[in-house]
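Colleague: Task: produce atomic coordinates for the following.
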Amino acid sequence: MARERELQRRVEGALEPMLGVRFLASEYSTGPWHQGRIDTLGLDEDGVPVVIEFKRGRGAGVIAQAGSYLVWLLAYRHEFEALVRRQLDADAAEAVDWRRPRVICVAGEFSRHDRAAASLYQRDYRVDLGRVLSIS
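Modeller: Got it, this is the predicted structure:
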């Protein structure tokens, strides 16, 4: 778990130059109904909402978890836009592009089933799988 958090902190520290994503929040609570914590929330250079999920080692469950958070994101657009307004500004909040939200999953490895699930989401959302070789 410590390594996963360290990876998350490093990526969050370089989100914009690495992935073109402005940082909004870390460990964002999805509330009592959804009962989760989104590892990282951001807004990309095109104004598209971004959910980033991290898994240490093999990415088992990361696609399903990220998909679950995508469901939350779409249901709570107003909350995401309020976060953008607080962290960035009103103009950025008004310009959020909801046409094709983005999910980034970062893990040490993805199975063929993970890649197949990610490709299913690609029809309506942008899903990027990032593989981390080691954390030192």
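Colleague: next SSE after the lengthiest helix in the chain?
Modeller: For the chain, the longest helix by residue count, based on DSSP state H, is helix 62-75. The first helix or strand that comes after helix 62-75 along the chain, using DSSP states H and E, is helix 77-87.
Colleague: quick one: buried residues of that following helix?
Modeller: 80-81, 83-84, 87 (16 or more other C-beta atoms under 10 Å). Glycine gets a C-beta too; all of them are placed from N, C-alpha and C.
Colleague: May I see those residues arranged in CSV, with pLDDT and distance to residue 46 as well?
Modeller: Output for those, formatted as CSV (pLDDT from 0 to 100; distance: C-beta to C-beta, whole Å):
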residue, pLDDT, distance to residue 46
80, 98, 15
81, 98, 16
83, 98, 18
84, 98, 13
87, 97, 17
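Colleague: if we can go back for a sec, and the longest helix of the chain with helix 77-87, angle?
Modeller: Orientation check (axes from the mean of the first three to the mean of the last three C-alpha atoms, to 10 degrees): helix 62-75 against helix 77-87 gives 90 degrees.
Colleague: distance between helix 62-75 and the chain's centre?
Modeller: Chain-centre distance of helix 62-75: 9 Å, with C-alpha atoms, centre = their mean, to the nearest Å.
Colleague: cool, and stretch 86-93?
Modeller: On the basis of C-alpha atoms, centre = their mean, stretch 86-93 sits 18 Å off its chain's mean C-alpha point.
Colleague: How about that stretch, which residues are buried there?
Modeller: For stretch 86-93, by 16+ other C-beta under 10 Å, it's 87, 92-93.
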